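>>> Pasting the sequence and the predicted model now:
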Amino acid sequence: MLYRSRLIAKWVPTDGDCTSVSSTQSSNEALCYRVGVPTKSKWFCDIYMNRTSKIKIFLTPGDPPISSETASFIARKGSTSLAAKAAAAAAASTVSNENIFDQLRRTREKLTCAVVGNSANLLNSRCGPVIDQNDVVIRMNAAATKGYEKDVGSRTTFQSLYQRIEKEYKKPNKVLLVSVHTKELRWAARAAGNLHLTPSDVYLVHPAFVRAVTMEVLGEKKATITSGALLLTLAVHLCNEVNVFGFGRNEKGLYSHYDREIAPERALKIVSFHPLKEEEEYRNKLVEGGIIRVYKGKTNSSSLCE
């Protein structure tokens, strides 16, 4: 079976720890329910109840045209009509299969999801067994697992992809596609054929959801948020428990990947292109609100996966 029903238990490794940072909030009455989970964070409940929970997460056939605001967001400085046509074509390329997260939630007491980034802080973390205990494992882009199993685990349910790395798709993973501009939506419409997958194995994140999450993270600032921030938020809306690994800096305070070197000039480009500071503040708020649990891995202040 690809999916296994397991509840995350406290796990004590033999040579290296994998402990987490979670909320210390008081036991006040719940302000809202996120995927059936009582939630006490006023900040999150305002976002969830008033905005993001009302937006479709995945594109499916028969969806109404995207709004003019979403079309403008996707088009950036280009044509909004072309953006709308690209979204319609992408929706038509999917199938109306039931959301797999809904299917899984019906068969277990709670659905646990791991969102695994590529940060080098996973090296020597010994987080692999903790990651693999989750029912669903979402991995970013083309990060390797072979040879890194003790730190990053071996199971993958979903792999996020974008056009430039489509050749790095690893079977038999299901695919999550996050499109932040018109060109990516056009590619998303062809992705199933390009990857030799059935449409039911390809999930297209709705542009309206991408826009909503971007606005919550950035406010009025103009920047392109990472797929990690988007998929972390997607998991929050679909999973009862969300465990986050491999986000943030390494032990030297730099942004780097556990499975490949990043040249200093490339790291600087990433920092300037993506709003990493705002994304870190957003993650911290989710932790403080008891929405997610973050495993920090090896940093300059700790050798634990915490």
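Now that the structure is in, tell me what you want to look at.
>>> could you pull out the helices for the stretch 1-150 of the chain?
Assigned by DSSP state H, counting those that start in this stretch, the helices in the stretch 1-150 of the chain fall at 42-50, 68-75, 80-92, 100-105, 128-132, 149-152.
>>> how about these in CSV, adding distance to Arg260?
Every C-beta, even on glycine, is put in place using the N, C-alpha and C of the backbone. CSV is the format used below for those (distance: least, C-beta to C-beta, whole Å):
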stretch, distance to Arg260
helix 42-50, 34
helix 68-75, 30
helix 80-92, 30
helix 100-105, 30
helix 128-132, 18
helix 149-152, 13
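>>> So for Pro275, which of these sits nearest?
Among the helices of the stretch 1-150 of the chain, helix 68-75 comes nearest to Pro275, with 15.3 Å by C-beta to C-beta.
>>> Need the residues that contact that closest one.
Contact partners of helix 68-75, identified using C-beta atoms under 8 Å, 6 or more residues apart in numbering, comprise 66, 80-84, 86-87, 179-182, 185, 207-208, 210-211, 214.
>>> returning to that earlier point: tell me, which of the helices of the stretch 1-150 of the chain is the model least confident about?
In terms of average pLDDT, helix 100-105 trails the rest of those, at a mean of 85.
>>> Using PDB, write out every CA atom in it.
Extracted C-alpha coordinates of helix 100-105, given in PDB (Å, rounded to 0.1, in the frame of the first residue of the first chain):
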ATOM      1  CA  ILE A 100      -7.200  11.900  -2.400                       C
ATOM      2  CA  PHE A 101      -6.800  13.800   0.900                       C
ATOM      3  CA  ASP A 102     -10.600  13.400   1.500                       C
ATOM      4  CA  GLN A 103     -10.400   9.700   0.700                       C
ATOM      5  CA  LEU A 104      -7.600   9.200   3.200                       C
ATOM      6  CA  ARG A 105      -9.200  11.200   6.000                       C
END
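>>> Need the residues that contact that helix.
So helix 100-105 is contacted by 3, 35, 111, 135-136, 174, 203, 238-240 (C-beta under 8 Å, 6+ apart).
>>> how far is it from where the chain is centred?
How far helix 100-105 lies from its chain's middle: 17 Å, per C-alpha atoms, centre = their mean, to the nearest Å.
>>> how about that helix: buried residues?
100-101, 104-105 (16 or more other C-beta atoms under 10 Å).
>>> Max pairwise distance over these: which two?
Taking C-beta to C-beta, no two of these sit farther apart than Ile100 and Arg105, at 9.8 Å.
>>> Tell me which of the helices of the stretch 1-150 of the chain approaches Leu161 most closely.
helix 80-92 (13.7 Å).
>>> Check which helices and strands that closest one sits against.
Secondary-structure packing of helix 80-92 (3 or more C-beta pairs under 8 Å, 6 or more residues apart in numbering; DSSP states H and E): helix 68-75, helix 182-194.
>>> Please tell me how far it is from the chain's geometric centre.
With C-alpha atoms, centre = their mean, you get 23 Å for helix 80-92.
>>> List every C-alpha atom in that helix, with coordinates, as PDB.
Taking Å, rounded to 0.1, in the frame of the first residue of the first chain, the C-alpha atoms of helix 80-92 are listed here in PDB:
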ATOM      1  CA  THR A  80      -5.100  38.800 -18.400                       C
ATOM      2  CA  SER A  81      -7.200  37.100 -21.200                       C
ATOM      3  CA  LEU A  82      -4.400  34.800 -22.000                       C
ATOM      4  CA  ALA A  83      -3.900  34.000 -18.300                       C
ATOM      5  CA  ALA A  84      -7.700  33.100 -18.100                       C
ATOM      6  CA  LYS A  85      -7.400  30.900 -21.200                       C
ATOM      7  CA  ALA A  86      -4.400  29.100 -19.800                       C
ATOM      8  CA  ALA A  87      -6.200  28.400 -16.500                       C
ATOM      9  CA  ALA A  88      -9.200  27.100 -18.500                       C
ATOM     10  CA  ALA A  89      -7.000  24.800 -20.600                       C
ATOM     11  CA  ALA A  90      -5.200  23.500 -17.400                       C
ATOM     12  CA  ALA A  91      -8.600  22.800 -15.700                       C
ATOM     13  CA  ALA A  92      -9.800  20.900 -18.800                       C
END
